[in-house]
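Participant: Structure of the sequence below:
(chains A and B, ligands or ions: 2)
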Amino acid sequence: MSTPSTLLARTGPLRGTLGAEWTKFWSVRSTWWSLFSGLALMVCVSAILGMDFANDVEAGETTDGTTMGFAEPAANAVLLTQFAVVAYAMLVLTSEFATGAMRVTLTADPRRGRVLLAKTTTVTLVTVPFALALALLGLALGHLTLGSHGTGSAEEQVGDLAAVTVYLILTAILTVGVGAILRSSVGTLSAVLVVMLALPLIVTTTGSEYLPGRAGLIMLSNEQEPLSPVGAGVVLAIWALAAQLAGYVALRRRDV
Amino acid sequence: MITLERLTKRFGARTAVDDLSAEITAGSVTGFLGPNGAGKSTTMRMILGLDRPTSGRALIGGRPYQELRYPLREVGALLDAKALHPGRRARTHLRALARSHGIPAARVDDVLEMVGLGGVERQRAGTFSLGMSQRLGIAAALIGDPGILLFDEPVNGLDPDGVLWIRTLIRSLAAEGRTVFVSSHLMSEMELMADQLVVIGRGRLIAHAPVAEVIAASSQAAVVVRGPDHERITGLGRHLAAAGARVESEEEGRLLVSGAPIEDVGLAAHRLGVPLFELSSRRASLEQAYMELTADSAQFTAS
Ligand SMILES: Nc1ncnc2c1ncn2[C@@H]1O[C@H](COP(=O)(O)OP(=O)(O)OP(=O)(O)O)[C@@H](O)[C@H]1O
Ligand SMILES: [Mg+2]
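Facilitator: Ligands and ions are numbered 1, 2, ... in the order given. You can find the predicted model right below:
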């Protein structure tokens, strides 16, 4: 109305909405719980995997060799740990749909594409360092628990670190897209669980490497067949992008 | 100003808002009335670009909501007070909104003071009572100092102090030249608060007029005539009825005349030489006028 000069916007809409999302992200407890669970899961699972293997080797009970890649415990632990990332990634949308707060968000910024971009950017900005920290933590525990039973050149280890980090980032971006489509927490969590974990176990026919779950596993396992880790990463990235596009269309089309 | 142009919204087979056209003008409080399910909230959601109209459009100062670059500086809305993350502190909720528009944090403290939540700003929104949530929702609506305000049942859940506060606030917002569009089911409150009314039933416009006009149109609004001479009073009644007024008489020597202004009744009595003890206007209440207007369109009525 009278618009005092102090109320004049000094921010562009995208920066503004991104700032609002950033503030909202860090002001709920669920964020802290997810981050904490992620760290706890990575530490526990990779430590157990490493220790188990080392014990088996020492007891002469192993069937698949006497060495394990230093990053392998981390790469396996990530399958469980990813759900902490999925949790905070989906909640930026699903918690707002559940409470009706999405209406407040969209009255502050009616451009739905911009809101989705701001939410995805927030999640990505958090996930990049967090995923890297998780990967480093898992690798460190691999070293600690495998000891002399571990293998891997520095180069291989960097590659594995990158695979774990990128896998988590892409899964987070995919999850935000799925959240925009499904809107419910339970629905989104189940869908991502099925796509990333269950489906690759059930569907293993040729061609399945082009599905996000198997592509993700190939990325983490460092195999070269039927896709290289980089190729698998590209496949997963395409799926994440597709989920984002579908999410955008769903947000544009549907009422809130 | 808010403009509704043939606004229509269908949910499947159900038409929630049906060809609604209206102009909500600045500088006055426009009350939005209608029975449960009439389409008030749906209309407000369409104004805010949350629901997409099936046809027609809603404009804010001539533009669709989606085209506003800094919407909170033009429109403030309170739809559902409980629609926020219960775990977020009240102040952080407002800070996020302020941040989206580059509004300084000092404004957050100002609006918190304005709505009387100064002392509980660090409390989580989920711990708020309904009345406190309403106040927080109003703070959010005011944060960008907008020229247009939409309130969906704002007095819902407020204590008498709160009701008085919001009435005063809404009146002063309109007095400052803002456009205020407010829905409520409390007719007595609306009568005190609103200048204009938009009444809808089953999604259709029933009335769009100043409050006084809506009340005056009620059959309950009447001129009371009383005199000592029963015969001559009856004669006056016949005369007025012949001129097109509706005349009732429940007791001897007393008439209830509707559909004729009090001036005409007084002049007629003078011309016919009818002595009078009383010539007065009986004002209908908004509640009575509303009941008559919406009698045919209430969908959910107890039998
Ligand atoms: N998302 C939706 N999906 C289907 N039907 C809907 C939806 N939203 C509203 N409706 C229907 O549209 C009609 C109008 O609802 P609306 O909430 O706008 O009414 P209202 O006037 O606000 O009622 P109240 O006074 O009870 O708040 C109702 O019949 C309702 O069932
Ligand atoms: Mg309603």
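
Participant: Tell me who's in contact with whichever residue of the stretch 101-250 of chain A sits closest to ligand 1.
Facilitator: Residue nearest to ligand 1 within the stretch 101-250 of chain A: A:Arg103 (11.9 Å; Cβ to the nearest ligand atom). (C-beta placed from N, C-alpha, C; glycine too.) A:Arg103 makes contact with A:256, B:45, B:48, B:50, B:79-80, B:83, according to Cβ atoms under 8 Å, 6 or more residues apart in numbering or on different chains.

Participant: switch to 7 Å and redo it
Facilitator: Residues near A:Arg103 by Cβ atoms under 7 Å, 6 or more residues apart in numbering or on different chains: A:256, B:50, B:79, B:83.

Participant: Let me have the residues you listed in TSV, adding secondary structure as columns.
Facilitator: Formatted as TSV, the contacts of A:Arg103 follow (DSSP: H, G, I helix; E, B strand; the rest coil):
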residue	secondary structure
A:Val256	coil
B:Leu50	coil
B:Leu79	coil
B:Ala83	coil
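
Participant: quick one, helices of the chain?
Facilitator: Answering for chain A, as no chain was given. A:13-26, A:29-59, A:72-99, A:101-108, A:112-146, A:154-182, A:185-193, A:199-202, A:212-221, A:229-253 (DSSP state H).

Participant: Can you look at chain B instead?
Facilitator: Using DSSP H, the helices of chain B run over B:40-47, B:90-100, B:105-114, B:130-142, B:160-175, B:187-193, B:211-216, B:230-242, B:262-272, B:286-294.

Participant: out of the contacts of A:Arg103, which is most surrounded?
Facilitator: B:Leu79 (21 neighbours; other Cβ atoms under 10 Å in any protein chain shown).

Participant: For the contacts of A:Arg103, give me JSON lines that also has pLDDT.
Facilitator: Converted to JSON lines, those look like this (pLDDT from 0 to 100):
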{"residue": "A:Val256", "pLDDT": "92"}
{"residue": "B:Leu50", "pLDDT": "97"}
{"residue": "B:Leu79", "pLDDT": "96"}
{"residue": "B:Ala83", "pLDDT": "93"}
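
Participant: ok, the nearest residue to B:Leu286 once chain neighbours are set aside to A:Gly147 distance?
Facilitator: Once flanking residues are discounted, B:Leu286 sits nearest to B:Glu191: 4.1 Å by Cβ to Cβ, 6 or more residues apart in numbering or on different chains. Going from B:Glu191 to A:Gly147 by Cβ to Cβ, to the nearest Å gives 82 Å.

Participant: Neighbour count: these two, which is higher?
Facilitator: The residue with more neighbours, out of B:Glu191 and A:Gly147, is B:Glu191; 19 against 12, by other Cβ under 10 Å.

Participant: got any ranges where chain A has weak pLDDT?
Facilitator: Scanning chain A for pLDDT under 70 picks out A:1-10.

Participant: who in the stretch 1-150 of chain B is up against chain A?
Facilitator: B:48-52, B:65-66, B:68-73, B:77, B:79-80, B:83-89, B:92, B:95-97, B:99-104, B:107, B:140, B:144-147 (Cβ under 7 Å from any Cβ of the partner chain).

Participant: which residue does the stretch 51-200 of chain A bring closest to chain B?
Facilitator: Nearest residue of the stretch 51-200 of chain A to chain B (Cβ to the nearest Cβ) works out as A:Gly100 at 3.0 Å.

Participant: can you tell me which residues contact that residue?
Facilitator: The contact partners of A:Gly100, by Cβ under 7 Å, 6+ apart, come to B:80, B:83.

Participant: Can you give me the neighbour number for B:Glu23?
Facilitator: 14.

Participant: cool, and B:Gln123?
Facilitator: 15.

Participant: where does it land on pLDDT?
Facilitator: We have a pLDDT of 94 for B:Gln123.

Participant: wait, it sits on B:Ala90?
Facilitator: Yes: between B:Gln123 and B:Ala90 there is a contact at 6.0 Å, judged by Cβ atoms under 7 Å.

Participant: got the contact list for the nearest residue to B:Leu117 once chain neighbours are set aside?
Facilitator: Sequence neighbours aside, B:Arg135 is the residue nearest to B:Leu117 in space, at 5.5 Å (criterion: Cβ to Cβ, 6+ apart). Taking Cβ under 7 Å, 6+ apart, we find B:Arg135 in contact with B:115-117.

Participant: and the gap between B:Arg135 and ligand 1?
Facilitator: Going from B:Arg135 to ligand 1 by Cβ to the nearest ligand atom, to the nearest Å gives 20 Å.

Participant: how much space between that residue and B:Gly118?
Facilitator: Computed as Cβ to Cβ, the B:Arg135 to B:Gly118 distance reads 11 Å.

Participant: Report the distance from stretch B:95-111 to the chain centre.
Facilitator: Stretch B:95-111 has its C-alpha centroid displaced from the chain centroid by 29 Å (Cα atoms, centre = their mean, to the nearest Å).

Participant: gap between the two ends of it?
Facilitator: End-to-end distance for stretch B:95-111: 11 Å, by Cα to Cα, to the nearest Å.

Participant: what's the answer for stretch B:44-59, then?
Facilitator: Per Cα to Cα, stretch B:44-59 runs 11 Å from first to last residue.

Participant: In chain A, which residue sits nearest ligand 1?
Facilitator: For chain A, Cβ to the nearest ligand atom, closest residue to ligand 1: A:Asp255, 6.2 Å.

Participant: Next, the residue of chain B found nearest chain A: phi, psi?
Facilitator: Closest residue of chain B to chain A, Cβ to the nearest Cβ: B:Ala83 (3.0 Å). The phi/psi pair for B:Ala83 (degrees, to the nearest 10) reads phi -80, psi 70.

Participant: so it makes contact with A:Ala101?
Facilitator: Yes: between B:Ala83 and A:Ala101 there is a contact under Cβ under 7 Å: 5.6 Å.

Participant: related to what we said a few turns ago, can you list the contacts of A:Arg103 in JSON lines and add distance to A:Ala162?
Facilitator: As requested, the contacts of A:Arg103 are exported to JSON lines (distance: Cβ to Cβ, whole Å):
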{"residue": "A:Val256", "distance to A:Ala162": "38"}
{"residue": "B:Leu50", "distance to A:Ala162": "42"}
{"residue": "B:Leu79", "distance to A:Ala162": "46"}
{"residue": "B:Ala83", "distance to A:Ala162": "41"}
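
Participant: sorry, back to before: quick one: the residue nearest to B:Leu286 from ligand 1, how far?
Facilitator: 18 Å.

Participant: Now do the same for that residue: its pLDDT.
Facilitator: In the prediction, the pLDDT value recorded for B:Glu191 is 94.

Participant: Please apply the same query to B:Ala295.
Facilitator: Looking at B:Ala295, its pLDDT is 88.

Participant: Next, count neighbours for it.
Facilitator: By other Cβ under 10 Å, 11 other residues sit near B:Ala295.
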